[in-house]
Structure formats: structure tokens, C-alpha cells
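In: A predicted structure for the sequence below; I have some questions about it.
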Amino acid sequence: MRTPRWPPGESETATLIQRTDWSSTPLGAVETWPQSLRVVVSLIVSSMVPMGVLWGPDGIQLYNDLYIPILGARHPAAFGQPVRSIWPDVWHRVEGIYDQVRSGKGIIFRDHPWIPVDSSAAEAPTFSTSVSPLRDDEGAVVGLHAMTINTTERVRIARAKLRADDTIRRNQARFRAVAELVPSLLWSSEPDGRVNWFNQRYLSYTGQTLSEALERGWMDAVHPDDRAASIRVYGEAFTAGRAVDVEERIRSGADGSFRWFLCRAEALREDGNVVQWFGSATDIHDLRRAREHQRLLTAELQHRVRNTLAVVRSIARRTVEASTDLDDFASHFDGRLGAFARTQAMVTRNPSSGIDLEYMIADELRAHGGREGDRIQIRGPHMVLRPSAAETIGLAIHELATNAVKYGALSSPEGRIQIRWSIRDRGGKPRLRFTWIESGQNLAPGEPSRRGFGFDLLERNLTYELEADVCLSVEQTGLHFRVELPLTDRVFMGKRH
């Protein structure tokens with residue numbers, strides 16, 4: 001009967017064992033190998049993972065076919081040779097490990113580099129190796145068994161994952177930094193609109209905790225009058241998958257006040273499907289107030305333009321009626337338009353502050369060459385007129401100043417003008433009494449001999465427009481003009497005694 005070949009199989013390393021003359025090696029002839037060596041060699045040559053054996057004091061190396069790629073060009077010369085001579089370049093790294101195993105301790109070292117089979121490879125291969133002691137029948141360690149698995153792909157995937165995780169962490173850190181840097185309130189939500197994240201600025205503004213605001217808890221911070229409309233707009237947008245654009249008031253956690261915000265949300269899609277919503281709320285409270293103020297200013301401007309045109313038309317018509325010729329019309333019309341323009345200039349400089357009565361009088365007198373001093377005295381408490389009342393009173397002052405220059409106190413060096421106003425009580429209601437007293441002339445007392453548009457404006461317009469009581473007379477020393485009118489909010493914006 002023929003003795004079967006040992007070790008069995010047709011592998012390359014099994015064939016090497018069968019064909020090698022081992023009698024001249026430290027292992028001796030195969031027939032003399034101890035049973036423990038024969039068993040382990042039979043195990044490794046039939047194994048489906050890379051395995052090797054280091055036997056004896058010199059660590060004679062035997063291995064299977066799957067171990068050959070690890071050796072690379074060192075195979076087949078390495079087969080049956082002392083391990084030190086096979087791996088001189090790495091022996092300093094592994095000698096200590098082998099010494100520990102020879103002392104009876106098994107060791108696993110993971111993902112260690114090895115000599116690259118292909119030096120042109122982008123990265124060196126890595127392996128995990130388990131080294132265990134081999135013992136004889138008496139229990140003495142006579143060799144080492146090594147099982148090596150190539151972990152290059154796993155390590156590559158693990159490193160790629162680490163890099164990806166690191167990239168994600170850095171991107172998340174950048175996103176958090178940007179999310180807290182922008183002045184808007186930011187959030188994200190599930191495709192159905194359930195909110196899953198808010199930035200800290202939102203939580204700080206509303207005073208809500210994250211748990212309170214998540215899902216649909218954020219609606220508690222929306223003004224009750226805006227909730228129904230907001231729910232409808234958000235619901236329609238989420239259902240249709242279109243952008244959200246809505247203005248709503250959101251409560252401040254600091255003082256409970258509400259401010260207007262422009263809320264917008266855009267969908268993040270994958271393969272056409274919404275996978276996330278990202279939204280922002282931008283404070284537009286001041287912008288809305290500015291828009292409303294602008295609307296009011298525009299309406300006021302339109303109103304004032306219509307009034308201005310009406311006043312100019314009235315001035316023109318009445319000046320024509322009172323003028324004797326074109327030159328007379330041009331002179332009076334230009335002066336009255338100038339007075340009206342000066343009043344409008346004061347209104348335009350600060351529409352909401354009104355017109356200072358004393359300043360308006362002094363400005364009109366300066367336009368006629370008169371300045372407060374020895375000849376002109378202006379006295380009275382601080383009074384602020386509303387623009388519409390200032391137009392009527394300003395035209396009246398213009399007519400008085402024009403008359404004084406042409407026919408009255410300012411037409412001669414001896415003339416003087418005293419302008420006074422004070423606040424008086426009449427029937428339990430405050431009234432303003434205004435007087436314009438001219439002196440230094442020698443006139444015939446009585447009614448003014450020349451009554452044109454100017455005197456008509458002084459008497460009729462003040463009475464009609466401001467509910468004033470007007471008294472106009474010519475005394476021997478000069479013109480006397482007195483007017484009393486109610487101290488109402490329609491005429492005055494403020495007063496100071």
C-alpha cells in the first residue's frame with residue numbers, strides 16, 4: 001500500500017514541503033518532525049486565511065499559499081528560512097513581540113503596516129496579526145503560530161469615515177458659527193413642517209427653551225391674531241412643496257412685546273423630494289413703521305400740494321381782483337408767494353415740529369428789511385403753530401409788514417412797531433391775543449382808506465380759517481391790529497409760558 005503524500009493537497013507551499021530535502025535543515029527530515037509540528041503544518045496549508053509557523057530556536061518559517069502575497073518577492077527563498085534573515089528590515093519591530101510569545105503569551109496587534117508588495121501603491125497595506133505559542137507534549141514553547149489578515153480596505157474605509165466625520169464636524173461648527181452670526185432667527189424642519197432645530201438667537205429672542213419650541217411649539221410665540229393666517233400659509237406651502245413667505249409678529253421673551261418679522265423657508269430636495277426645510281425670520285418691525293410713516297408722509301404731501309395749489313390759486317385770483325394794473329399785480333403776487341414760500345420752507349425743514357411763531361414773524365420782517373431792535377420789538381411766550389395755521393398767519397404777517405413798509409411805520413424813520421402776544425382765559429378756555437401796534441406817524445384816525453386783498457385776508461381769512469376775532473383800525477399814531485383766536489390743537493402744537 002502506497003503511503004499518501006504529506007502534507008496533502010496540491011498547493012504551492014504543500015508541494016514545496018514535499019520536494020524539499022529537510023534533512024539538512026534545523027527541522028530535520030519530515031519523517032522526524034514532531035507530531036505537534038506536523039499537525040500545525042497540516043492546518044495552515046489547508047487554511048483559507050494567511051498563516052505561518054515559526055519553529056524552533058531560529059524561528060524557521062513555514063507558511064501557506066495565502067501568505068505568499070504578504071512576502072512578495074521574498075517568496076520562495078523565505079520558505080524554510082530563519083525569520084530574522086527573511087525580515088531584517090522589520091526585525092527590530094517584531095523581535096520583542098516574538099520574545100513575548102515565546103514566553104507563553106499570545107498577542108494580537110492590529111492594523112500594522114507591512115512591506116508593500118507594490119511600491120507604487122497609493123497607500124501601504126495594513127494587517128492585523130494574531131501570534132500564539134506552540135507547545136510540545138511537555139508544554140514547552142517550541143514555536144509560534146501566526147495568522148495574518150489584510151485590513152487595508154477596512155482601514156481605508158475607517159480612515160475615510162474619520163475624515164468624513166471630521167469634515168462633518170468642521171462643517172457643523174462652521175454652520176453653527178454662521179447661524180449665530182447672522183441677525184436672523186433660523187430654524188429647520190421635517191418635510192411635514194415639524195421643527196427640529198432653532199438657532200440660539202431665536203431661543204434668546206423668544207425666551208423659549210429648545211424643547212418648548214420644537215415640533216409646533218414655536219407657534220406659542222406668534223401673535224394670536226397672526227397664527228391662523230400663518231398656519232394656513234405654512235400648511236399650503238409644505239403641502240405644495242413651495243417656498244414660504246409670510247409676515248408675522250413674534251413675541252419677545254424679554255418684555256412680552258411683539259415685533260414684525262418676515263419669515264421665509266426654502267426646501268432642500270433630494271431626487272425631487274423635500275427632505276428638509278430651512279427657514280429664517282428677519283426683523284422688519286422698523287421697516288414696516290418706516291413704510292407706514294412714508295405712506296402717511298406721501299398722503300400728507302399730496303394733501304399739502306392740493307392745499308398749496310388752492311392757496312396759490314386764491315392768492316392769484318384775489319390779487320388780480322385788487323390790482324390796478326399788471327405791474328401792481330406782479331408786485332403783490334410776488335410778495336405774497338414769497339411769504340407763502342418762506343412758511344413752506346420752515347414746514348419742510350421739520351414737518352413734525354411745527355412753526356415757531358416768533359421765528360416766523362422775525363423772518364418775514366427780515367424779508368422786508370426790518371430787524372428787531374429799537375424800531376421793532378417782538379415779545380411773547382413760545383408758541384408753535386401747526387403748518388396749516390402757519391400758512392394763514394404767515395400771509396397775515398406778510399400783509400402787515402408790506403403795509404408797514406409802503407404806508408406805515410417802516411415807511412418813515414420815526415416809525416415804530418410793537419408786536420405782542422399773550423395767553424388769556426375767556427370763558428374758561430385759553431385764547432391767544434396777538435397785537436401789532438404801529439407808532440411814530442401822524443394819521444387821520446378811522447378805517448383804513450385803502451382796502452385790498454391784504455386787509456381782506458387779515459379780517460376775513462383769519463376769522464374763517466382760525467375762528468379768530470379781528471380788530472383793525474388806523475389810529476393817529478399808526479395802524480393797530482389785534483386778533484384773538486382759540487388755543488386749540490388744530491392751530492397750535494405747543495406753548496410755553
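Out: Thanks, I have the structure now.
In: going on from the lowest-mean-pLDDT helix or strand in the chain, what's the next piece of helix or strand?
Out: When each helix and strand of the chain is scored by mean pLDDT, DSSP states H and E, helix 453-456 comes last, with a mean of 62. Per DSSP states H and E, the first helix or strand lying C-terminal to helix 453-456 is helix 462-466.
In: From the contact counts, what lies against the very next helix or strand once past that following helix?
Out: Moving toward the C-terminus from helix 462-466, the first helix or strand encountered (DSSP H and E) is strand 469-475. Secondary-structure packing of strand 469-475 (3 or more CB pairs under 8 Å, 6 or more residues apart in numbering; DSSP states H and E): helix 462-466, strand 478-486. Bear in mind the C-beta positions are built from the backbone N, C-alpha and C, glycine included.
In: residues in contact with the first one?
Out: The set of residues external to helix 462-466 that reach it, using CB atoms under 8 Å, 6 or more residues apart in numbering, is 389, 392, 393, 396, 468, 469, 470, 483, 485, 486, 491.
In: Check the last one too.
Out: By CB under 8 Å, 6+ apart, the surrounding residues in contact with strand 478-486 are 396, 400, 403-404, 408-409, 415, 424, 426, 429-441, 443, 448, 458, 462, 466-474, 491.
In: Can you select the buried ones from those residues in PyMOL?
Out: To isolate the buried members of the contacts of strand 478-486 in PyMOL, using 16 or more other CB atoms under 10 Å:
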select buried, resi 396+400+403+404+408+409+415+431+432+433+434+435+436+437+438+439+440+441+443+448+458+462+466+468+470+472+474+491
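In: tally of neighbours for residue 212?
Out: Applying other CB atoms under 10 Å, we find 14 residues neighbouring residue 212.
In: pLDDT score for the residue nearest to it when sequence neighbours are not counted?
Out: Excluding the flanking residues, the one nearest residue 212 by CB to CB, 6 or more residues apart in numbering is residue 220, at 7.5 Å. According to the prediction, residue 220 has pLDDT 92.
In: Correct me if wrong: residue 220 contacts residue 207.
Out: No - taking CB atoms under 8 Å as the definition, residue 220 is not a contact partner of residue 207, at 10.5 Å.
In: quick one, what contacts residue 145?
Out: Applying CB under 8 Å, 6+ apart, one finds that residue 145 lies in contact with 40, 44, 51, 52, 53, 131, 132, 133, 134.
In: give me that answer again for 7 Å
Out: Going by CB atoms under 7 Å, 6 or more residues apart in numbering, residue 145 touches 40, 53, 132, 134.
In: pLDDT averaged over the strand or helix carrying the second one, what's the number?
Out: I take that to be residue 53. Element membership for residue 53, per DSSP H and E: strand 51-55. pLDDT averaged over strand 51-55 equals 94, rounded to a whole number.
In: so who does residue 203 touch?
Out: Taking CB under 7 Å, 6+ apart, one finds 209, 210, 213 in contact with residue 203.
In: For residue 357, see how far away the second one is.
Out: Just to be clear, that refers to residue 210. From residue 210 across to residue 357, the span is 60 Å (CB to CB, to the nearest Å).
In: And those two? Which one has more around it.
Out: residue 357 (25 against 13).
In: For the more buried one, give me phi and psi.
Out: Dihedral pair for residue 357: phi -60, psi -50, per degrees, to the nearest 10.
In: and what of the one 3 residues further on?
Out: The phi and psi torsions at residue 360 (degrees, to the nearest 10) take the values phi -60, psi -40.
In: That one contacts residue 390, correct?
Out: Yes - the pair residue 360 and residue 390 qualifies as a contact (CB atoms under 7 Å) at a distance of 6.3 Å.
In: When the two are compared, which one has more neighbours?
Out: residue 390 (23 against 20).
In: just checking, that one is part of a helix?
Out: Yes - in this structure, residue 390 lies within a helix as judged by DSSP: H, G, I helix; E, B strand; the rest coil.
In: Which strands and helices lie in contact with the strand holding residue 53?
Out: Counting contacts by 3 or more CB pairs under 7 Å, 6 or more residues apart in numbering; DSSP states H and E, strand 51-55 is packed against helix 35-45, strand 60-63, strand 141-150.
In: Check those for me and report the most buried one.
Out: A comparison of the helices and strands packed on strand 51-55 by mean neighbour count, using mean count of other CB atoms under 10 Å, puts strand 60-63 on top with a mean of 24.
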